[in-house]
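Visitor: Sequence isn't available, so here's the structure alone:
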C-alpha cells in the first residue's frame, strides 16, 4: 500500500493500514489438531519503499498484537471480542536502529526491516495463535511527494508441534558371524526434542504445510574395499548432505553408486514418537521396505543383508534420512526455522564398519616362474 498521489493538486494524508487477523498455529479445526493451538512470535520483517528526497521524515511504523484463543480458531473480530488488555497494540517496532525513524528504505541489498520480538517483549505479548498488525504511513512533511510504500510483511514464529526424523539409540548396528553379516538393525523415529508432546504425525505436518501425503526415503550408503593380507583397510565413506540430494537432475552424480539401496516409507506410518523397524515387513505393501536404487526398474530387495553384502570385503556403511528433503522437519536447535540438516547417521551414531569374508576364501602365494 502507498504510492503516488492520485491528484497533483492534493497531498495524501498520513494513514493507517490494518491487516486481517492471521492464524499462526497448526490448528485448522478440532479433533486431531486440538493440542497444537499454541504459537509464539519471534520476529517481524517488513519491506518498504520510502522516497525521502522531498520529505526526509517520511516513515512507516509497524504495530502488532497477539492473542491465544481456547479453540485455536481466529475470526476477524477476535480482538474486538477479547478483554481490553488483549486489544492493545504493541509498537512501533524499530527497524532502523540508531535513527529516529522506524523503517529503512532498501540499502546494500537488504530488503527487509527486522525486529526481534523475543528480545524486547515478554511472552505475555508474544504467545498467541491469532496475530494482527497495523502500519502507519507517514508523509513526514508538508511537500507533496510519493507516499511511503509497505511492500510486504512476514512474521517468524515457533509453534507447538513439529516432526523430526532421527535414528534412535541402538537403531543402526550390524553383527557378523562366520565371516558374514548375521544381524542388522535399521530403525527410524519421529521425535522432536525427545518429547512426544512436541511431535506431530508426518501427515499432519505435510497437511499443515500444504504438501502432498505419500512416502519418503531412507538410503543405505556403502563403501567397500577388497580384502588384503594383514591389517584391515576400511574405506572412507562421506555421506552427502541429504538436503542437497536431487533426483532430477541427479546430484551428486555418483549418488546411485554411493547409496545403492533405499527404503520407501509411507508417511502415514510415522505417528508421534513412532519407531519403525526397516528390517521388517512394510505393512502397507507386505514386502520388504528396501529397493535397489538402479535408476531403472527399482526392484524390491527381499533380503537386504544377502543382497548388499554378498561380496567379500571391508565395508563402511551409513544412512541418509529423507534424501531430497520431502518432509518439513523441525531443527531441534532452531525450531522456528523449519528444515534441519542432520539427517544422516554420522549425526546420530558412528558409521558402521565390518568385514565380510567367506570361510572358503584362501590366499595362495604368488609363484613366478
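Guide: Looks like it came in fine. Given the structure is predicted, the values throughout are model-derived calculations rather than measurements.
Visitor: partners of residue 135 in the sheet?
Guide: residue 17, residue 62 (DSSP bridges).
Visitor: and it, what does it touch?
Guide: 1, 16, 17, 19, 46, 60, 61, 62, 63, 150, 153 (C-beta atoms under 8 Å, 6 or more residues apart in numbering). For glycine as for every other residue, the C-beta is placed from the backbone atoms N, C-alpha and C.
Visitor: can you pick the most crowded of those?
Guide: residue 60 (28 neighbours; other C-beta atoms under 10 Å).
Visitor: any idea what sits nearest it, other than its immediate chain neighbours?
Guide: In this structure, residue 60 finds its nearest non-sequential neighbour in residue 103, 4.2 Å apart by C-beta to C-beta, 6 or more residues apart in numbering.
Visitor: circling back to that earlier point, output the contacts of residue 135 in CSV; the columns should cover pLDDT and distance to residue 125.
Guide: As requested, these are arranged in CSV below (pLDDT from 0 to 100; distance: C-beta to C-beta, whole Å):
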residue, pLDDT, distance to residue 125
1, 53, 25
16, 94, 20
17, 94, 21
19, 96, 17
46, 96, 18
60, 96, 21
61, 97, 17
62, 98, 14
63, 98, 11
150, 93, 22
153, 96, 18
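Visitor: List just the nearest of those residues to residue 309.
Guide: Nearest to residue 309 among these is residue 153, at 55.0 Å by C-beta to C-beta.
Visitor: can you redo the contacts of residue 135 as JSON lines with distance to residue 219?
Guide: JSON lines is the format used below for those (distance: C-beta to C-beta, whole Å):
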{"residue": "1", "distance to residue 219": "48"}
{"residue": "16", "distance to residue 219": "53"}
{"residue": "17", "distance to residue 219": "49"}
{"residue": "19", "distance to residue 219": "43"}
{"residue": "46", "distance to residue 219": "41"}
{"residue": "60", "distance to residue 219": "48"}
{"residue": "61", "distance to residue 219": "51"}
{"residue": "62", "distance to residue 219": "45"}
{"residue": "63", "distance to residue 219": "48"}
{"residue": "150", "distance to residue 219": "45"}
{"residue": "153", "distance to residue 219": "40"}
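Visitor: so the residue nearest to residue 60 makes contact with residue 52?
Guide: No: judged on C-beta atoms under 8 Å, residue 103 makes no contact with residue 52 at a distance of 10.5 Å.
Visitor: Neighbour count for these two, which is higher?
Guide: Shown here are residue 103 and residue 52; by other C-beta under 10 Å, residue 103 has more neighbours (26 against 16).
Visitor: what helix or strand does the more buried one sit in?
Guide: Assessed by DSSP states H and E, residue 103 sits outside every helix and strand.
Visitor: ok, it to residue 44 distance?
Guide: 11 Å (C-beta to C-beta, to the nearest Å).
Visitor: which residues are common contacts for these two?
Guide: residue 62.
Visitor: quick one: residue 137 is in a helix?
Guide: No: counting by DSSP: H, G, I helix; E, B strand; the rest coil, residue 137 is not part of a helix but strand.
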